[in-house]
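Trainee: here is a sequence together with a model predicted from it:
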Amino acid sequence: MTRSFRAGAAGVVRLAGLLIFPSFCHICREPLEEAGEKIVCGACLAKLAPRGGPICPRCGRFHEGSGGDHLCARCAGRAPAFSAHRSCGVYGGTLRDVILIFKYRKYAPLSRPLARFADSCLGADQTLWENADLLVPVPLHPSRKRDRGFNQSLLLARDLGLRRGLGVLTGALVKTRNRPAQAGLRAADRERNVRSAYAVKHADKVQGRTIILVDDVTTTGATIRECARVLKEAGAKEVRAITLAQA
């Protein structure tokens, strides 16, 4: 059997598979025809782009308008327990669509292109990566994890860790209280909702370590602030944070 014949036969089999079991991009609805495409097509993933412009160098909040980076009023008044947080982009458009499909429609393989996107956006920021020891995913409560089937932050951390050569620490930072989801809550309610909701087990695994928290979306920053606080109290040397998007 010649190489060209085998290639042609493989193409026929793939076409037959698409006709019998059609596979479409969950965003643009175009057929997934390129090798390796899963769930979202390459053209839609190519629309993911980092957000430029000034930020708060501490909490990473995006500032409107032009100018340089500068502390936001909140960090100037009371700095969070983490030393730096960065988001890849604004929670909107294609980035929002991909995150929602990944998180709520349970398409776990999307963690890989999202981790690749995060690495392309933030990989050059030495404020985040220099002397970092471990990635720590923001945990879900066990009952929430059972309902969803996976912790999206853990999948992101694992795929990002593979790209960055960093280990992922699980089971040390845990969510001890099953509070309502943060989505839809006002800022003050978000702060109350996460207060004392997280704890550190096996403090010896975080003591003296520089840790990077990983989560999918941040709005007010309440979750990563609380996680950073308990990690620092448990003896972490420094806590930094990464999120895919900022609402």
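Mentor: Right, received. Where do you want to start? Numbers count the residues shown, from 1 in each chain.
Trainee: where does the record place the domain boundaries for the protein?
Mentor: 1-43, 47-246 (automatic domain parsing).
Trainee: turn those domains into JSON lines, including mean neighbour count.
Mentor: In short, each C-beta sits where N, CA and C put it, glycine included. Listed next are the domains of the chain as JSON lines, based on neighbours: other C-beta atoms under 10 Å:
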{"stretch": "domain 1-43", "mean neighbour count": "12"}
{"stretch": "domain 47-246", "mean neighbour count": "17"}
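Trainee: looking at the ones you listed, which has the lowest confidence?
Mentor: Ranked by mean pLDDT, the domains of the chain bottom out at domain 1-43, with a mean of 73.
Trainee: got the contact list for Cys88?
Mentor: Taking C-beta atoms under 8 Å, 6 or more residues apart in numbering, we find Cys88 in contact with 48, 50-51, 95, 117-118, 121-122, 243-245.
Trainee: cool, Asn131 as well?
Mentor: Thr210.
Trainee: how close does it get to Pro54?
Mentor: Between Asn131 and Pro54 the computed distance is 26 Å (C-beta to C-beta, to the nearest Å).
Trainee: centroid-nearest residue for this protein?
Mentor: Asp216 (3.2 Å; C-alpha atoms, centre = their mean).
Trainee: would you map the strands across this structure?
Mentor: 84-90, 134-137, 167-168, 173-175, 198-200, 210-218, 238-246 (DSSP state E).
Trainee: from the contacts of Cys88, which single one is nearest Ala199?
Mentor: Thr243 (21.2 Å; C-beta to C-beta).
Trainee: the closest one touches Ser87, doesn't it?
Mentor: Yes: Thr243 lies in contact with Ser87 (C-beta atoms under 8 Å); the separation is 4.8 Å.
Trainee: give me the common contacts of those two.
Mentor: The contact lists of Thr243 and Ser87 share Thr218, where a contact means C-beta under 8 Å, 6+ apart.
Trainee: what's the closest of the contacts of Cys88 to Ala222?
Mentor: Thr243 (12.4 Å).
Trainee: mind listing what the closest one touches?
Mentor: With C-beta under 8 Å, 6+ apart, Thr243 has these contacts: 85-88, 214-218, 224.
Trainee: and the residues you listed as TSV, adding distance to Val239?
Mentor: Shown next, in TSV, are the contacts of Thr243 (distance: C-beta to C-beta, whole Å):
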residue	distance to Val239
His85	9
Arg86	13
Ser87	16
Cys88	19
Val214	12
Asp215	13
Asp216	18
Val217	18
Thr218	14
Ile224	9
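Trainee: let me know the closest of those residues to Ser196.
Mentor: For the contacts of Thr243, the nearest to Ser196 is Ile224 (15.5 Å; C-beta to C-beta).
Trainee: hmm, back to that, could the strands of the chain be laid out in JSON lines, adding distance to His26?
Mentor: Converted to JSON lines, the strands of the chain look like this (distance: least, C-beta to C-beta, whole Å):
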{"stretch": "strand 84-90", "distance to His26": "19"}
{"stretch": "strand 134-137", "distance to His26": "24"}
{"stretch": "strand 167-168", "distance to His26": "27"}
{"stretch": "strand 173-175", "distance to His26": "29"}
{"stretch": "strand 198-200", "distance to His26": "32"}
{"stretch": "strand 210-218", "distance to His26": "17"}
{"stretch": "strand 238-246", "distance to His26": "17"}
